[in-house]
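# quick one, what's the 3D model for this:
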Amino acid sequence: MEAVLGIDIGGTSIKAGLFTTEGELLEERKVPTPELISEEAYAVVTDGLEKILAGHDMTSEDVIALGLDIPGPVADDGTVKFLPNIKLDAEGLVGAINAAFPNATVAFVNDANAAALGEMWAGVAQGVSSYVLIALGTGVGAGVVVGGRLVAGAFGAGGEVGHVTVNPAETRACGCGRKGCLEQYASAKGVVRLYLEECEQRGVKPAPVEHATDTLTVFRALAAGDECAKFAVDQMCEYLAQAMSQISCIVDPAMYLIGGGVAGAFATFAPELRRRFAAHALSSCQDVRIEAAGLGNQAAMYGCAYEALRLRREQLGK
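Numbering: from 1, shown residues only. Alright, predicted model coming up:
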């Protein structure tokens, strides 16, 4: 039986999914691993993957495609440029995987891009050839799909919508070094910051925010009628709608999918986001669908497996 593996690489563990070539998830398992910069660490990964296969009466030779998603830019030629939040020797890991899985086509995918591909393979975007998935988490990332193909960009920056400038008057610097980026307002950190600043501005006591990305508390405050929370969420929707209207002028997608941790409250802010998008968008783009992503934290795992399988089929001319 031919099998496909999707590996979602995190800082302290990887999440591995075993798939059929039709996209059925047979098993998902977390594999703890140290920093992926040594032969010993690579062996932890490959041994863990082989154990998953053994549980389904498969061997490493049955794996025809293996995808890995990583939290960093991946260029159009598949090379990894830099990884700001994880220690990973990409070349060393690929070498170990090639040795352990000799029949597999290996693909690297940026994590937000992988999530977009996952939605196309097994999620909300099935049958949709042009869409943008925007992941609202600690930061803001996106995956852009046009004509059924991922737009990674020549330098791996395709989909970096979190760094679209939406407020030129901003004086505070974004993590990227620029100012007024979407990520400063629509990320989990951005929403919490907007809320706390508005509370301070009005001289009111905020809800008990537990940490810098605690949007759950902000949305609970919104549901309870907190005007500062309403201001923060309205600002998030305003800047996100501005960015989406600009994206539509370039990509003209049929659909936007909103994913990431902030998307857990999508039903709460969706009407406002749709209203503000319609107000900003070019008239011919106003009918775009704006929906919640469907695969949750499994999306990237699905997507990198899909990309490896697509690459495999492309190489074989199928």
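# what's near enough to touch the closest residue to residue 135 other than its chain neighbours?
Spatially, and ignoring its direct neighbours in sequence, residue 135 is nearest to residue 260 (3.8 Å; Cβ to Cβ, 6 or more residues apart in numbering). Quick note: C-beta positions are derived from backbone N, CA and C, even for glycine. Applying Cβ atoms under 8 Å, 6 or more residues apart in numbering to residue 260 gives the contacts 134-137, 140-141, 188.
# who's in contact with the residue most central in space within the chain?
The residue lying closest to the centre of the chain (Cα atoms, centre = their mean) is residue 112, at 2.5 Å. By Cβ under 8 Å, 6+ apart, residue 112 lies in contact with 133, 135, 141-143, 159, 300.
# out of those, which are inside strands?
The members of those that map onto strands under DSSP state E are 133, 135, 141-143.
# element containing the residue nearest to the centre of the chain?
helix 111-122 (DSSP states H and E).
# and the strands in the stretch 1-150 of the chain?
For the stretch 1-150 of the chain, the strands defined by DSSP state E, counting those that start in this stretch cover 3-9, 13-19, 25-32, 63-70, 105-110, 131-136, 140-146, 149-150.
# comparing those strands by mean pLDDT, which bottoms out?
Note on the strands of the stretch 1-150 of the chain: strand 149-150 shows the lowest mean pLDDT, a mean of 86.
# okay, now the unreliable bits of the chain?
Flagging of the chain using pLDDT under 70 yields the residue ranges 11-12, 72-73, 75-86, 318.
# and the gap between the residue nearest to residue 135 and residue 144?
Distance, residue 260 to residue 144, by Cβ to Cβ, to the nearest Å: 15 Å.
# please apply the same query to residue 199.
36 Å.
# cool, and residue 127?
Taking Cβ to Cβ as the measure, residue 127 falls 18 Å from residue 144.
# one more: residue 316?
Counting by Cβ to Cβ - residue 316 and residue 144 are separated by 26 Å.
# what residues sit buried inside the helix ranked longest in the chain?
Secondary structure of the chain read by DSSP state H shows that its longest helix is helix 227-250. Neighbour-count burial for helix 227-250, with 16 or more other Cβ atoms under 10 Å as criterion, is recorded at 228-248.
# cool, and stretch 39-51?
Buried positions in stretch 39-51, judged by neighbour count with 16+ other Cβ under 10 Å: 41-42, 44-46, 48-50.
# for residue 126, see how far away residue 98 is.
31 Å.
# what are the boundaries of the helices in the protein?
39-54, 90-100, 111-122, 183-186, 188-202, 215-223, 227-250, 266-280, 299-315.
# who's in contact with the fourth one?
For helix 183-186, the surrounding residues in contact (Cβ under 8 Å, 6+ apart) are 136, 139-140, 162-163, 166-167, 170, 172, 174-176, 190-191, 193-194, 235-236, 239-240, 243, 262.
# mind saving the C-alpha coords of it as PDB?
Extracted in PDB, the C-alpha atoms of helix 183-186 (Å, rounded to 0.1, in the frame of the first residue of the first chain):
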ATOM      1  CA  GLU A 183       0.200  41.900  12.300                       C
ATOM      2  CA  GLN A 184       0.300  44.800  14.800                       C
ATOM      3  CA  TYR A 185      -3.500  44.900  15.000                       C
ATOM      4  CA  ALA A 186      -5.000  41.600  13.800                       C
END
